[in-house]
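Here is my input; please provide its structure:
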Amino acid sequence: MIERVTGDSIDAVCPAVVGGGSLVYGGVLIQPQREVLNDMFPQINYDDMDSIYFPRVIAQIQAGPIPDDILATGNVQIRSLTEVEEIRELDAGGYAVVCKRITPEGELLERYELNGSHVFLAAGSLNTGNLLLKSQASGALHGANDRIGKGWGTNGDQLMLELSKSPVAGAQGGPACIAATDASNPAYPVTFLHSPATVPVNVQIQLAMSVPDERGQLIYNGATNQLTVQWPDDSATPSAVARAASFQRLLDSTGGVDISGSAGKPSVWHPLGGAAMGDTCDYLGQLYGYRNLFVPTLRAW
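As a prediction, the model looks like this:
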């Protein structure tokens, strides 16, 4: 269901089946705090976002509290088992999107191309970066943009594990059910998402998120056809210290013990960047060096 992209100090996780980002971000929508958005995006008017655009998104996707019953409607047809291999510039203008259709076991059924004057990539941070870097490496995209893959960020993700005093009663499951923000450090507010376990256990999963102090990079290796993540050690940065302090406040309240170190190499579930606006692309998402080739306009956090 998910793909794990290895890195030097962390691994990054992204969805690999129908469902997209909801498989790894838990279907949770949290409106950014005014102070954080103003700091990261000074060119954006928060009042407009708060009164117009955030409500518009909520209304369009019909977001709300988790209902008692969740049903499929039968009104949607999904065609899966298709991968985009490359994006190629056409001599006459526009782009060819090279696709392959595969069996559930991964065997190739057919290759075909979709041609268009405009292309919008929405494959997430990792696979958008991978597709662009791969297409540049092969020469299919030959615009002079050497910023693709740079400015990659972890969204300040840090998966933390709490060993509780006693097992939680009853079976648990589903997406993240509680979100809380610790604003005790105004310079580095921390938001926690609590994810319930699927069986009665005495380990609780908390995902801490903040604005990180470092930036990393996505690297594509043409010889191995592999994407890797370069991320510096940020364990002593102010944002990491703030996350640890917030988690300790939670533990002081619950009486739990931090066992996060037992999880092995850290993993990131909400990566951003690799095609940062104002650096790799303009503020509408059009990549510098390419006409009508757009990516989601996100800046690495």
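
mind listing what residue 143 touches?
Contacts for residue 143 (C-beta atoms under 8 Å, 6 or more residues apart in numbering) come out as 89, 136, 287, 288, 289, 290. In short, each C-beta sits where N, CA and C put it, glycine included.

Please list the members of those residues that lie in helices.
Using DSSP state H, the members of the contacts of residue 143 that fall within helices are residue 136.

With distance to residue 245 as extra columns, can I get the contacts of residue 143 in a markdown table?
A markdown table is the format used below for the contacts of residue 143 (distance: C-beta to C-beta, whole Å):
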| residue | distance to residue 245 |
| --- | --- |
| 89 | 49 |
| 136 | 42 |
| 287 | 39 |
| 288 | 39 |
| 289 | 43 |
| 290 | 43 |
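
Can you pick out the most distant pair from the contacts of residue 143?
Using C-beta to C-beta, those span at most 14.6 Å, a distance reached by 89 and 288.

need the contacts of residue 143 in JSON lines with distance to residue 205, pLDDT and neighbour count, can you?
As requested, the contacts of residue 143 are exported to JSON lines (distance: C-beta to C-beta, whole Å; pLDDT from 0 to 100; neighbours: other C-beta atoms under 10 Å):
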{"residue": "89", "distance to residue 205": "44", "pLDDT": "97", "neighbour count": "18"}
{"residue": "136", "distance to residue 205": "38", "pLDDT": "96", "neighbour count": "21"}
{"residue": "287", "distance to residue 205": "37", "pLDDT": "96", "neighbour count": "22"}
{"residue": "288", "distance to residue 205": "39", "pLDDT": "96", "neighbour count": "17"}
{"residue": "289", "distance to residue 205": "42", "pLDDT": "95", "neighbour count": "17"}
{"residue": "290", "distance to residue 205": "40", "pLDDT": "96", "neighbour count": "20"}
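
which among the contacts of residue 143 gets closest to residue 32?
For these, the nearest to residue 32 is residue 287 (24.7 Å; C-beta to C-beta).

I'd say the closest one and residue 277 touch.
No. Counting by C-beta atoms under 8 Å, residue 287 stays clear of residue 277, with 10.2 Å between them.

In strands, which of the contacts of residue 143 fall?
residue 89 (DSSP state E).

Residue 98 versus residue 89, what's the distance?
Separation of residue 89 from residue 98 (C-beta to C-beta, to the nearest Å): 12 Å.

which residues are common contacts for these two?
residue 140.

I'd say residue 128 and residue 275 touch.
Yes. With contacts counted by C-beta under 8 Å, residue 128 reaches residue 275, the gap being 6.2 Å.

got any residues that touch both of the two?
295, 296.

Who has more neighbours out of those two?
The residue with more neighbours, out of residue 128 and residue 275, is residue 275; 32 against 20, by other C-beta atoms under 10 Å.

Chain neighbours aside, what residue packs nearest to the more buried one?
Nearest residue to residue 275, sequence neighbours excluded (C-beta to C-beta, 6 or more residues apart in numbering): residue 295, at 4.3 Å.

now swap in residue 147 and tell me
residue 280 (4.2 Å).

Distance check, that neighbour against residue 145.
Where residue 145 is concerned, residue 280 sits at a distance of 7 Å (C-beta to C-beta).

shared neighbours of those two, which are they?
Common neighbours of residue 280 and residue 145 (C-beta under 8 Å, 6+ apart) are 287, 288.

Which one's more surrounded, these two?
residue 280 (25 against 17).

give the contact list for the more buried one.
Taking C-beta under 8 Å, 6+ apart as the test, what residue 280 contacts is 145, 147, 148, 150, 151, 274, 287, 288, 295.

Closest to residue 244 out of those?
Using C-beta to C-beta, the contacts of residue 280 come closest to residue 244 at residue 151, 25.2 Å.
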